[in-house]
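Novice: below is the structure, and that's it, no one-letter string:
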Ligand SMILES: CC(C)(COP(=O)(O)OP(=O)(O)OC[C@H]1O[C@@H](n2cnc3c(N)ncnc32)[C@H](O)[C@@H]1OP(=O)(O)O)[C@@H](O)C(=O)NCCC(=O)NCCSC(=O)Cc1ccccc1
């Protein structure tokens, strides 16, 4: 697990977050608009041309690989490419994760981009979000990897407003057991249990606040 130290102040983190968040939000909005648009083919071709121009502009200066997992000297996490919480990742819902007394919790909304069965959340998306939440709960003192996760789908998860929570039930050396749920207004739709392991290489890793992406 290689974390990158981004040697910047907390004010600079906030400033960059303020710059990237609206851009990512617009791209996320674009994804939803493309799924749901009913404009004519000429308008679609024109939109494609304009989007390709924007992509070409952004590609004029790119980092070599992925964003990586960065942190500041104050141990603020900057997992900004992360698939679940990434500030710069329009594929991320994104989840804003709150630390609560017994674990972590997040309220979020999933729209058309996360559909599997009609009007319902894709099962793999539920598994991904639970994996992240459980992993976040388990990484309270050192960063963990998922070893094994089991998801039980109790009933379909509707697209829309949802809440997820996760907590640790056991700890033994480098191994933690975490559980969690996703719920809609009617109650729990799916639940997960996983084994999370602090890899030997990360035992001395940074204790970072990753919740804000
Ligand atoms: C690190 C590890 C999982 C384990 O390696 P090592 O450290 O060498 O393990 P070692 O052999 O020393 O055993 C120690 C103890 O652990 C047990 N145990 C071992 N393996 C498993 C198992 N699979 N399942 C269950 N248990 C297992 C083993 O029996 C032993 O138990 P014992 O002490 O006898 O009771 C390695 O296989 C790996 O890198 N896998 C890929 C992980 C990966 O890519 N995950 C996805 C990315 S993370 C993500 O996306 C989510 C996220 C988001 C946010 C935050 C956090 C997470």
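Specialist: Happy to help now that I have it. Computed from a prediction, not measured in an experiment: that's the story for all the values here.

Novice: pLDDT of the strand or helix carrying residue 19, averaged?
Specialist: If you go by DSSP states H and E, residue 19 is part of helix 10-36. Averaged across helix 10-36, the pLDDT comes to 98.

Novice: give the next helix or strand downstream of it.
Specialist: Immediately after helix 10-36, counting by DSSP H and E, sits helix 41-58.

Novice: and the next helix or strand past that following helix?
Specialist: Next in sequence after helix 41-58, counting helices and strands by DSSP H and E, comes strand 70-71.

Novice: how many residues are close by residue 74?
Specialist: Close neighbours of residue 74, defined as other Cβ atoms under 10 Å, add up to 11. Every C-beta, even on glycine, is put in place using the N, C-alpha and C of the backbone.

Novice: and what of residue 108?
Specialist: So residue 108, with other Cβ under 10 Å, has 16 neighbours.

Novice: list the contacts for it?
Specialist: Residue 108 makes contact with 93-96, 161-164, according to Cβ atoms under 8 Å, 6 or more residues apart in numbering.

Novice: apart from its neighbours in sequence, what residue is nearest residue 7?
Specialist: Leaving aside its chain neighbours, residue 7 sits nearest to residue 73 (6.5 Å; criterion: Cβ to Cβ, 6 or more residues apart in numbering).

Novice: ok, the one you found touching residue 12?
Specialist: No. Using Cβ atoms under 8 Å, residue 73 is not in contact with residue 12, being 11.4 Å away.
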